[in-house]
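Colleague: any chance you can model this:
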Amino acid sequence: MNEYHFTLPMKVRDYECDLQGVVNNSNYQRYMEHTRHEFLESLGENFGVMHENGIDAFVARVDIQFKTSLRSGDHFISSLYVKKEGPKLVFYQDIFRASDQVLAAKGRVETVVVEHGKLTRGEYFDEVLKKL
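Modeller: As a prediction, the model looks like this:
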């Protein structure tokens, strides 16, 4: 595995699987979103407080490559590292099956910040990244 800024152990729940008995593709995006939120919380950031202060982070683009299917009951590790790319904060996210470290999904998520209704150059992200 790469050098990650954050990892989060999780477990597949029965209702996240489709008729084939594997995790439905849409749930990988949810796993990644939950990991990003927990990562920001670990840095003292909170989306509710940010919004109250007129700051909103939005996903601008998501790219997920599906590699190996997870199944009900599988434990997995959702990991991420971040890079500032221009005004965007880009999350590189990997999901590994915990039992054998096999890569299940790989994602790249671009985010932007809107402050008081206006798109920013990502200055908010600069302050967040200082906490790493």
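Colleague: what about Thr48, how many residues close to it?
Modeller: In this structure residue 48 is Gly, not Thr. Per other CB atoms under 10 Å, the neighbour tally for Gly48 reads 7. All C-beta atoms are positioned from the backbone trio N, CA, C, and that covers glycine.
Colleague: which SS class is it?
Modeller: helix (DSSP: H, G, I helix; E, B strand; the rest coil).
Colleague: give me the pLDDT for it.
Modeller: For Gly48, the model assigns a pLDDT of 91.
Colleague: against Leu40, how distant is it?
Modeller: Distance of Gly48 to Leu40, given as CB to CB, to the nearest Å: 11 Å.
Colleague: the longest helix seen in the chain: which residues count as buried?
Modeller: Using DSSP state H, we find that the single longest helix of the chain is helix 25-42. By neighbour count on 16 or more other CB atoms under 10 Å, the buried set for helix 25-42 is Asn27, Tyr28, Gln29, Tyr31, Met32, Glu33, Thr35, Arg36, Phe39, Leu40.
Colleague: can you list the weak-confidence ranges in the protein?
Modeller: Applying pLDDT under 70 to the chain flags residues 1-2.
Colleague: got the residue ranges for the helices in it?
Modeller: Counting by DSSP H, the helices of the chain are 25-42, 47-52, 123-129.
Colleague: so which of the ones you listed is nearest Ser99?
Modeller: helix 25-42 (16.6 Å; CB to CB).
Colleague: C-alpha coordinates for the closest one, PDB please?
Modeller: The C-alpha trace of helix 25-42 is given here as PDB (Å, rounded to 0.1, in the frame of the first residue of the first chain):
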ATOM      1  CA  ASN A  25     -20.700  -0.300  -7.400                       C
ATOM      2  CA  SER A  26     -22.500   2.800  -5.900                       C
ATOM      3  CA  ASN A  27     -21.400   1.800  -2.400                       C
ATOM      4  CA  TYR A  28     -17.700   2.200  -3.200                       C
ATOM      5  CA  GLN A  29     -18.400   5.900  -3.700                       C
ATOM      6  CA  ARG A  30     -20.200   6.000  -0.400                       C
ATOM      7  CA  TYR A  31     -17.300   4.300   1.300                       C
ATOM      8  CA  MET A  32     -14.900   6.800  -0.200                       C
ATOM      9  CA  GLU A  33     -17.100   9.700   0.900                       C
ATOM     10  CA  HIS A  34     -17.400   8.500   4.400                       C
ATOM     11  CA  THR A  35     -13.600   8.100   4.500                       C
ATOM     12  CA  ARG A  36     -13.100  11.700   3.300                       C
ATOM     13  CA  HIS A  37     -15.500  13.000   6.000                       C
ATOM     14  CA  GLU A  38     -13.800  11.100   8.700                       C
ATOM     15  CA  PHE A  39     -10.400  12.300   7.500                       C
ATOM     16  CA  LEU A  40     -11.500  15.900   7.700                       C
ATOM     17  CA  GLU A  41     -13.000  15.300  11.100                       C
ATOM     18  CA  SER A  42      -9.700  13.900  12.300                       C
END
